[in-house]
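J.: fold the following and give me the result.
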Amino acid sequence: MNERTRRRAGMTVAAVLAADALVHVYWMTGATWPARDPAALSLAVLNFEVPFTPRGLLMPFTLLVTGSAVMLAHVGGRLPGRIGRAAVGAVAAGLLARGSVGVVWALGIGANTDSPFYRLNLLAYTPVCWALFAAAVITSEQRIPARFRPVANRRGMS
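T.: Okay, here's the model as predicted:
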């Protein structure tokens, strides 16, 4: 995989996570778009009713921003080597977990296939998580930029 592809993959993950974080900030204001009210929003996003309050949205917002920052730092050479790969691996693991749970929900026996959540999970949430997981894995293989390599490695020595 070439560096350009790895960089683009990482930037894509960072951008999608940041956009999702912005949606959570929007919901923290009390807005419920694209749903008509908080209950409908909760059912569409989580498949059960919970209050969409700033306190309840702070944790997912924080995780999304952190994941985005990790991806940006890694592709920018600020998290090189093992630490960068481990951090990107943590982001990938979170995306893999959400994607896997989405498959379980989609295949769930007795699932309400008429609910907005079922369709959104099947057509958007789960496929996006799997695609972002693949992009994060690609990014984790990124080589360390030359300016962060030891001097001996820059000259082609081991």
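
J.: so how far is residue 28 from residue 61?
T.: Using Cβ to Cβ, to the nearest Å, residue 61 is found at 7 Å from residue 28. From N, CA and C alone the C-beta is placed, and that goes for glycine too.

J.: looking at those two, which one has more neighbours?
T.: residue 61 (19 against 16; other Cβ atoms under 10 Å).

J.: could you check how far the more buried one is from residue 44?
T.: Taken as Cβ to Cβ, the span from residue 61 to residue 44 is 18 Å.

J.: again, but for residue 15
T.: With Cβ to Cβ as the criterion, residue 15 and residue 44 are 23 Å apart.

J.: more neighbours: these two, which one.
T.: Relative neighbour count places residue 44 above the other of residue 15 and residue 44, with 18 against 13, counting by other Cβ under 10 Å.

J.: quick one: contacts of the helix or strand hosting the more buried one?
T.: Following DSSP states H and E, one finds residue 44 within helix 38-46. Contact with helix 38-46 is made by 27, 32, 34-35, 48-52, 115-117, 120, as judged by Cβ atoms under 8 Å, 6 or more residues apart in numbering.

J.: ok, now with 7 Å
T.: 32, 35, 48-52, 115-117, 120 (Cβ atoms under 7 Å, 6 or more residues apart in numbering).

J.: residues in contact with the residue sitting nearest the centre point of the chain?
T.: A centroid search over the chain (Cα atoms, centre = their mean) returns residue 17, at 4.7 Å, as the residue closest to the centre. By Cβ under 7 Å, 6+ apart, the residues touching residue 17 are 64, 67-68.
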